[in-house]
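Colleague: here is a sequence with its predicted model. Questions after.
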Amino acid sequence: MAFPGFSRKVRFTPVPSPLFGPLLEQIDDIGELKCTLRIIWLLHQKKGFPRYITLKELLADRVLAKALAGEGDVRSEITRALALATERGTLTSAPLSRGDTPEPVYALNTEGDRRALSDIADAEPAPAAMPEAEPWEEAPPRPNIFGLYEDNIGMLSPMIADELKEAEETYPESWIEDAVREAVTQNKRSWRYITAILDRWHQEGKTDGEPGRYPKKAGRQQQYLRR
C-alpha cells in the first residue's frame with residue numbers, strides 16, 4: 001500500500017548531516033541503515049545526558065524488529081547491524097556493568113557521547129537502574145482505528161474518518177487507544193475530547209502525568225475541553 005504522505009502535524013527528528021552524504025555513499029547494508037536510523041530516533045526520545053540505548057531495549061523494539069524481519073533471525077540481524085554501524089564509526093558502544101554480566105549500550109559516535117560512555121563503563125556500580133526488556137514478539141492484531149472509534153465513541157462520519165487517518169499518521173497507535181480509553185472512562189465520548197488529550201500529550205509528554213489530569217491553561221486545548 002502506498003504511503004499517503006506526511007500530515008501537517010508531522011514531527012521531525014534531527015539527523016547528523018554526514019548520514020545524507022559520505023555515510024550514505026558508504027553504507028551498502030540495508031539492515032545497518034535501518035538500525036542506524038531507528039537508533040537515532042530512539043535516542044532523540046531520551047531525556048537528560050548522556051543519551052544511550054541498551055541492547056535489550058533494541059531487541060525489544062517493535063519497529064526495529066519488524067523492519068529487519070525476513071532477513072533471518074531478528075536477534076542475530078540486530079546484533080549484526082549494530083556491529084556494522086559500530087565498526088563504521090556511526091555508533092559508539094561501551095559495556096555497562098550490571099551484576100556479573102556487562103550489557104552493551106550504544107550512542108551516536110560524537111565526542112561528548114564517547115566520553116560519556118567511557119565514564120559510564122568505568123563507573124561502579126552502574127549510574128542508574130537499566131530497564132528490563134524482553135525481545136519483542138508480535139502481539140495479536142489490534143483493532144483498526146475506525147473500529148476502535150465505532151466500538152467506543154459512535155458512528156463514523158466522513159469528516160471524522162479523515163481526522164482519524166491524520167491522527168494515525170501523527171501519533172503512536174497506543175496513544176490513540178489510551179486517549180479513547182480515557183474519554184470513555186471520563187464519559188466524554190467525543191473526538192474533540194480525544195484530540196485534546198492527544199494534543200496535550202504531544203505538547204507536554206505522555207508520561208508527565210496520568211491521562212486525564214489536565215493543567216488549567218488557556219488556549220485551543222481548553223476550548224476543546226469546555227465544549
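Modeller: It's in. Numbering: from 1, shown residues only.
Colleague: so what's residue 163 closest to, chain neighbours aside?
Modeller: Spatially, and ignoring its direct neighbours in sequence, residue 163 is nearest to residue 191 (6.5 Å; Cβ to Cβ, 6 or more residues apart in numbering). Backbone N, C-alpha and C define where each C-beta goes, glycine included.
Colleague: with residue 41 instead?
Modeller: With sequence-adjacent residues excluded and distances taken as Cβ to Cβ, 6+ apart, residue 41 is closest to residue 13, at 5.2 Å.
Colleague: which residues does that neighbour contact?
Modeller: Contacts for residue 13 (Cβ atoms under 8 Å, 6 or more residues apart in numbering) come out as 40, 41, 44.
Colleague: low pLDDT regions in this structure?
Modeller: When residues are selected by pLDDT under 70, those of the chain lie in 1, 71-72, 98-100, 122-143, 207-227.
Colleague: the strands in it, which residues?
Modeller: Using DSSP state E, the strands of the chain run over 53-54, 91-96, 103-108.
Colleague: this protein: helices as residue ranges?
Modeller: For the chain, helices defined by DSSP state H occupy the ranges 22-26, 30-45, 55-59, 62-67, 74-88, 111-122, 145-152, 158-170, 173-185, 191-204, 220-226.
Colleague: enumerate every residue touching the residue most central in space within the chain.
Modeller: When Cα atoms, centre = their mean is applied to the chain, the residue found nearest the centroid is residue 42 (5.8 Å). Going by Cβ under 8 Å, 6+ apart, residue 42 touches 53, 57, 58, 61.
Colleague: most neighbours, which of those residues?
Modeller: In terms of neighbours by other Cβ atoms under 10 Å, the contacts of residue 42 top out with residue 58 at 25 neighbours.
Colleague: I'd guessed that one sits against residue 67; true?
Modeller: No. In this structure, residue 58 is not within contact of residue 67 by Cβ atoms under 8 Å, at 11.5 Å.
Colleague: many thanks, have a good one.
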